[in-house]
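S.K.: Pasted the sequence and its predicted model underneath.
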Amino acid sequence: MTSSPTITSRTTVARLVSGIDEFNTYFRQATDHPLIGVGELSRADLSIFGPTDFGMYCVVLMDDAFGTLHKGGRTISYKANTLFSLRPGEEVRMDLDHTVHPAGWMLAFRPELLEKTGLGRDFYMFNFFSSDVDEAMELTPVERGIIINCFSNLVAELKSDRDYMSDQLLRLGIGQMLSYFKRFYERQFSHSVSPGASLAERLDNMVDNYLSSGLPAQKGQPTVAWCASQFNLSPNYFGDIIKRELHISAQEYLQQKLIMAAQRLLSDTSLSINDIAEELGFAYPNHFARMFRRRVGVPPLRYRKDLHS
């Protein structure tokens with residue numbers, strides 16, 4: 001069923017949706033929460049289906065096939081009743097079939113929602129955000145009903161009067177939807193997400209998700225001790241496993257992941273060097289620039305210029 005990836009040649013610059021207020025404007029609705037939005041695709045301004053980077057984590061339910069879907073520069077195969085996700089910095093667009101009206105739902109939430117919360121602590125499990133596949137996830141009628149119920153519960157809570165439990169219930173609702181997404185995703189893509197994946201493979205997804213979550217700016221860079229704690233291992237034993245599986249130290253592994261994340265941000269965003277340093281948890285921009293130059297061979301700004309030259 002999987003089709004070969006198609007790299008699109010369109011050069012239109014993607015719009016950046018800067019926050020929930022702008023997201024809700026496209027759906028012609030008021031903002032009920034500064035970090036969370038749920039929109040009904042049938043109500044959306046059609047311009048939102050142009051090249052867009054939502055700058056947020058998104059889950060999209062397509063209730064009908066109303067055009068050709070492109071995500072991250074790839075053409076994505078999908079049918080009615082399919083689900084897909086977006087991560088901050090990932091571009092999406094639809095080449096609309098104007099004979100079919102858009103139908104479905106979209107959840108968007110800001111990375112800040114993950115800060116110092118249980119949802120943020122467990123977010124590494126939702127590795128589908130960092131996986132690139134060439135088809136959306138098909139839902140059975142029962143699975144679609146579950147996902148629709150998750151959307152409905154979130155809308156009901158967003159529309160309820162705010163109290164001290166509101167944010168907790170919203171995070172729990174998002175966590176529930178993402179947990180079902182993970183279950184259905186692994187059912188369909190078991191060839192690419194193995195329950196028996198090695199610790200190194202699971203760590204790869206966990207660190208990628210953390211680095212793209214916005215949390216390093218608040219909590220700092222992932223450390224060997226933090227990574228070890230996620231697997232209930234001592235730092236020394238964890239380091240021994242990484243050394244055995246990857247043939248590098250755990251610290252070297254984490255530095256490689258930081259550089260890869262920096263290269264992605266330099267390539268895919270217009271963030272300043274200082275902002276990228278902060279995004280990745282560096283206390284001082286010059287520390288970031290020095291490490292980047294040492295490992296890549298050129299300063300960050302030169303690296304970005306060379307990419308676009």
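M.R.: Cool, the structure landed.
S.K.: Now do the SS call for the residue nearest to D306 when sequence neighbours are not counted.
M.R.: Among residues not flanking D306 along the chain, V298 sits closest, at 7.1 Å (CB to CB, 6 or more residues apart in numbering). To be clear about C-beta, it is placed using only N, CA and C from the backbone, and glycine gets the same treatment. Of the three states, V298 takes coil under DSSP: H, G, I helix; E, B strand; the rest coil.
S.K.: what do you get for G37?
M.R.: Assigned by three-state DSSP, the conformation of G37 is strand.
S.K.: contacting residues for it?
M.R.: Going by CB atoms under 8 Å, 6 or more residues apart in numbering, G37 touches I20, F23, N24, F27, T31, L107, A108, F109.
S.K.: please redo it, this time with the cut-off set to 6 Å
M.R.: By CB atoms under 6 Å, 6 or more residues apart in numbering, the contact set of G37 is I20, F23, N24, A108.
S.K.: thinking again about what came up before, so what's the residue count around the residue nearest to D306?
M.R.: Applying other CB atoms under 10 Å, we find 12 residues neighbouring V298.
S.K.: Kindly report the same for T99.
M.R.: Using other CB under 10 Å, T99 has 7 neighbouring residues.
S.K.: Equivalent analysis for the one 10 residues further on, please.
M.R.: Here the number of neighbours of F109 (other CB under 10 Å) works out to 24.
S.K.: Now the phi/psi pair for it, please.
M.R.: phi -140, psi 140 (degrees, to the nearest 10).
S.K.: That one contacts P34, doesn't it?
M.R.: No: with contact defined as CB atoms under 6 Å, F109 does not reach P34; the gap is 10.5 Å.
S.K.: Hmm, N274 is touching Y284, no?
M.R.: No: contact criterion CB under 6 Å: N274 and Y284 do not qualify, at 9.6 Å.
S.K.: of the two, who's got more company?
M.R.: Taking other CB under 10 Å, N274 and Y284 do not tie; N274 has more neighbours (14 against 11).
S.K.: Skip the chain neighbours and tell me the closest residue to the more buried one.
M.R.: Per CB to CB, 6+ apart, closest to N274 is P285, 4.6 Å.
S.K.: While we're on that neighbour, how confident is the model there?
M.R.: pLDDT, P285: 91.
S.K.: hang on, isn't it packed against E278?
M.R.: No: here P285 does not reach E278: they are 7.7 Å apart, not a contact under CB under 6 Å.
S.K.: OK, contacts around F84?
M.R.: Contact analysis of F84 by CB under 6 Å, 6+ apart lists V60, A136.
S.K.: what's the nearest residue to P141 if we skip its chain neighbours?
M.R.: Among residues not flanking P141 along the chain, N81 sits closest, at 7.8 Å (CB to CB, 6+ apart).
S.K.: all helices for the stretch 201-309 of the chain, in order.
M.R.: Counting by DSSP state H, counting those that start in this stretch, the stretch 201-309 of the chain has helices at residues 216-219, 224-230, 235-246, 250-268, 273-279, 285-296, 300-307.
S.K.: pLDDT (mean, whole number) over the shortest one?
M.R.: What that stands for is helix 216-219. Mean pLDDT, helix 216-219: 88.
S.K.: Tell me which residues are up against that helix.
M.R.: By CB under 6 Å, 6+ apart, helix 216-219 touches E115, E278, E279, L280, G281.
S.K.: just the fifth one next, same as before
M.R.: With CB under 6 Å, 6+ apart as the contact definition, helix 273-279 has outside contacts at A217, L265, P285, F288, P300, L301.
S.K.: Can you say which two of these are spatially most distant?
M.R.: The most widely separated members of the contacts of helix 273-279, counting by CB to CB, are A217 and L301 (20.2 Å).
S.K.: Of those two, which one has the most company?
M.R.: Taking other CB under 10 Å, A217 and L301 do not tie; A217 has more neighbours (17 against 13).
S.K.: Return the distance of that one relative to P300.
M.R.: The gap separating A217 from P300 is 17 Å, by CB to CB, to the nearest Å.
S.K.: Right, I'll call it a day here.
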